[in-house]
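Asks: Predicted model and sequence below, questions to follow.
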Amino acid sequence: MWKEIEPAPADAILGLTEAFKKDSRTEKVNLGVGVYKDATGATPVLAAVKAAEMKVLEAETSKSYMPIAGEAAYGAAVQKMILGDVCDRAATVHTPGGTGALRLAGELLRTFSSKTIWISNPTWANHKNIFTASGLTLQDYPYYNAETKALDEDAFFAALETIPSGDAVLLHACCHNPTGVDLNAKQWTRVAALAKANGWTALIDFAYQGFGESVEADRKSVEIFLAAGVDFFVASSFSKNFGLYCERTGALTSVTATAADAATAISHMKAAARVSYSNPPAHGGLIITTLFNDPELSKGWKAELDAMRERINGMRSALAEGLTARGVQMDCSFITQQKGIFSFSGLNKEQVKFLREEKAVYIIGSGRINVAGLTPDNINGVCEAIAEAMKR
Ligand SMILES: Cc1ncc(COP(=O)(O)O)c(C=O)c1O
């Protein structure tokens, strides 16, 4: 079967981690894959998550199947988190991670409304693979201006104005991956008005809730779309903000114009889930539901999330100051203005190659740096290496 088949290319981001693991240099630093790391370079289990997990294990009496959509309590917790409260115009299914939610949305969009999905240029590399695999055609909309290191606002809105009725548009709720450049409330209001006027469907990818400003402030995009009364999807990932990466914990929420539409939506979401993964993995969802229903654990989780965000912001400042102190010919203020765990550094492919080969600093080819991979121990070495790469 495989004789005449070309091997598939390695995943750009996870492939880099493989190369990093094989590197025997002790000073090596991985700023590639988007996982949070603490000041010691570890990706910790959050204390509130661990405590909720113990409660889950104690209460567990069976490992029978989950409902296709997951537990109702999980759907309610997700809606409270992304919409502020449960909503009768919203239908939520528990999915295997944010990737599972995006793929399910891709299937539903292709089946019921869209041939084409518009994605930002640039975007998370896996978006292209997911939506191509879902049978959708891809189109780019301009997003990032490499010169100003900010939103290319005119080009962005000019492209959005042309998107026809029935198409789908992928938007990042906050902490845009890879640029860290987000829309403000006024811009979101304009985007939601365009979706309503022109009849396209937004799919809001919400993978970093709490890493921008706070759990509440980061959902403004979703609240603005909810208030606009249009149909849209939200794909939630709890990999980063609960540190549940390997538990594959996410959700797809379809927000509709009426409660009757939400009932139709959930029936098709369940049908699509059933033929894809049948029903969701239980463990991560049970942890989130347990944590959400315990005020002390919820408080503890929020404090841990705040601390993760503040550590990243501290590293942003240290990176900007470290580069400036080493005489880099660049205004580094954009590094502290970007939101989330990534900084779009502007490093080109040659510089990225130099950093990997000569300095054992691993960054993906687009120049995206995982700021959460910086620690007090490696920051000076990384600044030194980047400054040298930029001067070459
Ligand atoms: C923008 C974006 N969306 C979705 C995901 C998927 O997350 P998950 O690991 O939960 O599948 C990621 C993960 O890196 C991401 O960066």
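Replies: Yep, it's here. Bear in mind the structure is a predicted one, so any value in this text is a computation, not a measurement.
Asks: alpha carbons only for contacts and neighbour counts from here, please
Replies: Fine.
Asks: what's the burial count for the residue in the stretch 251-392 of the chain that the ligand sits nearest to?
Replies: Using Cα to the nearest ligand atom, the closest approach of the stretch 251-392 of the chain to the ligand is made by A251 at 9.1 Å. A251: 31 surrounding residues under other Cα atoms under 10 Å.
Asks: ok so it is a strand residue?
Replies: Yes. Counting by DSSP: H, G, I helix; E, B strand; the rest coil, A251 is located in a strand.
Asks: A185 against S221, yeah?
Replies: Yes. With contact defined as Cα atoms under 8 Å, A185 counts as touching S221 (7.1 Å).
Asks: neighbour count winner among these two?
Replies: S221 (26 against 13).
Asks: so what's the more buried one up against?
Replies: A173, A185, W188 (Cα atoms under 8 Å, 6 or more residues apart in numbering).
Asks: From S236, how far off is the most centrally placed residue in the chain?
Replies: With the centre of the chain defined as its mean C-alpha position, the nearest residue by Cα atoms, centre = their mean is A207, 2.9 Å away. Note on A207: its distance to S236, by Cα to Cα, to the nearest Å, is 6 Å.
Asks: quick one: which of the contacts of S221 is nearest R316?
Replies: A173 (20.8 Å; Cα to Cα).
Asks: thought the closest one was touching V222?
Replies: Yes. In this structure, A173 is within contact of V222 by Cα under 8 Å, at 7.2 Å.
Asks: Identify the contacts common to the two.
Replies: I204.
Asks: out of these two, which sits in the busier spot?
Replies: Legend: neighbour count by other Cα under 10 Å for A173 and V222, higher for A173 (25 against 22).
Asks: N30 and the ligand, how far apart?
Replies: Counting by Cα to the nearest ligand atom, to the nearest Å, the separation of N30 from the ligand is 15 Å.
Asks: can you count the residues close to that residue?
Replies: By other Cα under 10 Å, neighbour count at N30 equals 21.
Asks: With M330 instead?
Replies: Using other Cα under 10 Å: M330 sits among 11 other residues.
Asks: Same check on D377?
Replies: For D377, using other Cα under 10 Å, the count is 11.
Asks: Equivalent analysis for the one 10 residues further on, please.
Replies: Neighbours of A387 under the rule other Cα under 10 Å: 19.
Asks: Same question for G381.
Replies: By other Cα under 10 Å, neighbour count at G381 equals 17.
Asks: This protein against the ligand: which residues are in contact?
Replies: 34, 97-99, 124, 177, 205, 207, 237-239, 245, 248, 250 (Cα under 6 Å from any ligand atom).
Asks: Repeat the analysis, applying 5 Å as the threshold.
Replies: By Cα under 5 Å from any ligand atom, the residues of the chain that approach the ligand are G97, G98, T99, S237, S239.
Asks: before we move on, what SS does L171 have?
Replies: Going by three-state DSSP: L171 is strand.
Asks: What residues does it make contact with?
Replies: Per Cα under 8 Å, 6+ apart, neighbours of L171: I119, S120, A202, L203, I204, D205.
Asks: What is the most widely separated pair among the residues of the chain next to the ligand?
Replies: Most distant of those, by Cα to Cα, are T99 and S239, 10.2 Å apart.
Asks: so what's in contact with those two at the same time?
Replies: Joint contacts of T99 and S239 (Cα under 8 Å, 6+ apart) are G250.
Asks: Tell me which residue of the stretch 201-350 of the chain lies closest to the ligand.
Replies: Counting by Cα to the nearest ligand atom, the stretch 201-350 of the chain gets nearest the ligand through S237, at 4.2 Å.
Asks: Look at that residue and say how many residues are nearby.
Replies: Around S237 there are 28 residues (other Cα under 10 Å).
Asks: Please apply the same query to the one 10 residues further on.
Replies: Close neighbours of E247, defined as other Cα under 10 Å, add up to 17.
Asks: do the same with A91
Replies: A91, neighbours per other Cα under 10 Å, totals 26.
Asks: Just the buried positions in the helix or strand hosting it, please.
Replies: A91 is located in strand 90-96, with elements delineated by DSSP states H and E. By 16 or more other Cα atoms under 10 Å, the buried positions in strand 90-96 come out as A90, A91, T92, V93, H94, T95, P96.
Asks: Please apply the same query to stretch 354-370.
Replies: Counting neighbours by 16+ other Cα under 10 Å, the buried set in stretch 354-370 is 354-356, 359-370.
Asks: And for stretch 44-62?
Replies: By neighbour count with 16+ other Cα under 10 Å, stretch 44-62 contains the buried residues L46, A48, V49, A52, E53, V56.
Asks: got those as TSV, with distance to R326 and pLDDT columns?
Replies: Below are the buried residues of stretch 44-62 laid out as TSV (distance: Cα to Cα, whole Å; pLDDT from 0 to 100):
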residue	distance to R326	pLDDT
L46	36	98
A48	40	98
V49	40	98
A52	45	98
E53	46	98
V56	50	98
